[in-house]
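Visitor: Dropping a prediction and its sequence here:
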Amino acid sequence: MKIRLNGDDYITKAASTVSELLIELDINPLRVAVELNMAIVKKAQYNSAALKDGDNVEVVNFVGGG
Amino acid sequence: MENASNDKLTIAGVEFQSRLWVGTGKYKDFEQTKKAIEASGADMVTVAVRRVNIFDRKTPNLLDYIDPKVYKILPNTAGCYNVEDALRYARLGREAGISDFVKLEVIGDDKTLFPDVCGLLKATEILAKEGFIVLPYSTDDPIIAQRLVNAGAAAVMPLGAPIGSGLGIRNPYNIKIILETVKGVPIIVDAGVGTASDAAIAMELGCDAVLINTGIAGATQPIMMAAAMKHAVISGRFAYKAGRIARRLYAAASSPFDGML
């Protein structure tokens, strides 16, 4: 399916949940926060948070800052 | 004698080993970041919240160098120019991290990076109600400092000078008034510290801590400057606790008159 991921178009390979998307992207779920259509997805909900075509997903982490 | 071990800064039940807090921006690389933070002795470390680089997964992660088990990670809302964005970044930072602490920035202008205090106050109130431990980056205005505390801020972080300017503590009298009038929360100078004496001045005034990023990361030798800032903050704190002598216009001899020939 086609989603918006961090501002770019992204075609998922097999992922149908947030949890599967993070695995697909090789991202450590403990070090990020995920927004699905502007709503934060709690870590406990990654497994159940289903993705659908056209979803807007943001994955953020910590970078150097003051 | 009073010493460092019984003079700890505590915010919302969290005890800090150091009164120097440091940022992690602007370093040459993560190795230098790590070494500078070690040299600073800081245990509170600010970070920014940004998009993961999805398409280059080989880029190193800050937390590979700054272990969250060793350091307390303080997410900021840097780059946010309105309340909605600041709330969004604060909530994402909390979800990505492990604590409710947030260094709240609502910036009013990209040339000065001065806070938009109206937005800051509003965001502080909302986030405090959501259970955040809000540490707002503020102007050095005693009135807004008190308003922030009334809105639920756990500390107030007045600027010494614009972010990254290195101009030092431009209005020590305002900082002093904040220290005398705003009670019950720590006052932490954030921004403007350019060299060790600036940090010492902030602490000598009676500030509870100092937060420095560019002053260390932008130095020719950041790791050495980190050590300098560590000592300056300790020196300034000791001098504040020791109680400085009054300033006087004329001399007062140190050696006795008695016994002179």
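Guide: Yep, it's here.

Visitor: Closest residue of chain A to chain B?
Guide: Closest approach of chain A to chain B (C-beta to the nearest C-beta) occurs at residue A:65, with a separation of 2.6 Å. C-betas here are computed from N, CA, C, even on glycine.

Visitor: so what's residue A:51 up against?
Guide: A:1, A:3, A:12, A:15, A:16, A:17, A:18, A:21, A:36, A:57 (C-beta atoms under 8 Å, 6 or more residues apart in numbering or on different chains).

Visitor: if I look at it, how far off is residue B:191?
Guide: Noted for residue A:51: a distance of 40 Å to residue B:191, by C-beta to C-beta, to the nearest Å.

Visitor: average model confidence for whichever strand or helix holds residue B:125?
Guide: Using DSSP states H and E, residue B:125 maps to helix B:117-129. Averaged across helix B:117-129, the pLDDT comes to 98.

Visitor: picking up where we left off before, next step: the contacts of residue A:51 restricted to helices.
Guide: Counting by DSSP state H, the part of those found in helices is A:18, A:21.

Visitor: burial of the residue of the stretch 151-261 of chain B found nearest chain A, as a residue count?
Guide: For the stretch 151-261 of chain B, the residue closest to chain A is residue B:213, as judged by C-beta to the nearest C-beta, at 3.3 Å. A count of nearby residues for residue B:213, using other C-beta atoms under 10 Å in any protein chain shown, gives 26.

Visitor: now residue 32, nearest residue through space, not along the chain?
Guide: No chain specified, so I'll use chain A. Distance criterion C-beta to C-beta, 6 or more residues apart in numbering or on different chains; nearest residue to residue A:32, sequence neighbours excluded, is residue A:61 at 4.9 Å.

Visitor: my question was about chain B
Guide: residue B:222 (6.1 Å).

Visitor: what's the burial count for residue B:6?
Guide: 6.

Visitor: do the same with residue A:29
Guide: What residue A:29 shows, counting by other C-beta under 10 Å, is a neighbour count of 14.

Visitor: Would you confirm that it contacts residue A:46?
Guide: Yes - Residue A:29 lies in contact with residue A:46 (C-beta atoms under 8 Å); the separation is 6.0 Å.

Visitor: Identify the contacts common to these two.
Guide: Common neighbours of residue A:29 and residue A:46, counting by C-beta under 8 Å, 6+ apart, are A:19, A:22.

Visitor: residues from chain B in reach of chain A?
Guide: B:23-27, B:30, B:33, B:46-52, B:54, B:57, B:61-63, B:73, B:75-76, B:78, B:91-97, B:163-164, B:191, B:211, B:213-214 (C-beta under 8 Å from any C-beta of the partner chain).

Visitor: which of those residues count as buried?
Guide: B:23-27, B:30, B:33, B:46-50, B:52, B:54, B:61-63, B:73, B:75-76, B:78, B:91-97, B:163-164, B:191, B:211, B:213-214 (16 or more other C-beta atoms under 10 Å in any protein chain shown).

Visitor: Just the ones of the residues you listed in helices?
Guide: Using DSSP H, those in helices are B:30, B:33, B:91, B:92, B:93, B:94, B:95, B:96, B:214.

Visitor: Brilliant, that's me finished.
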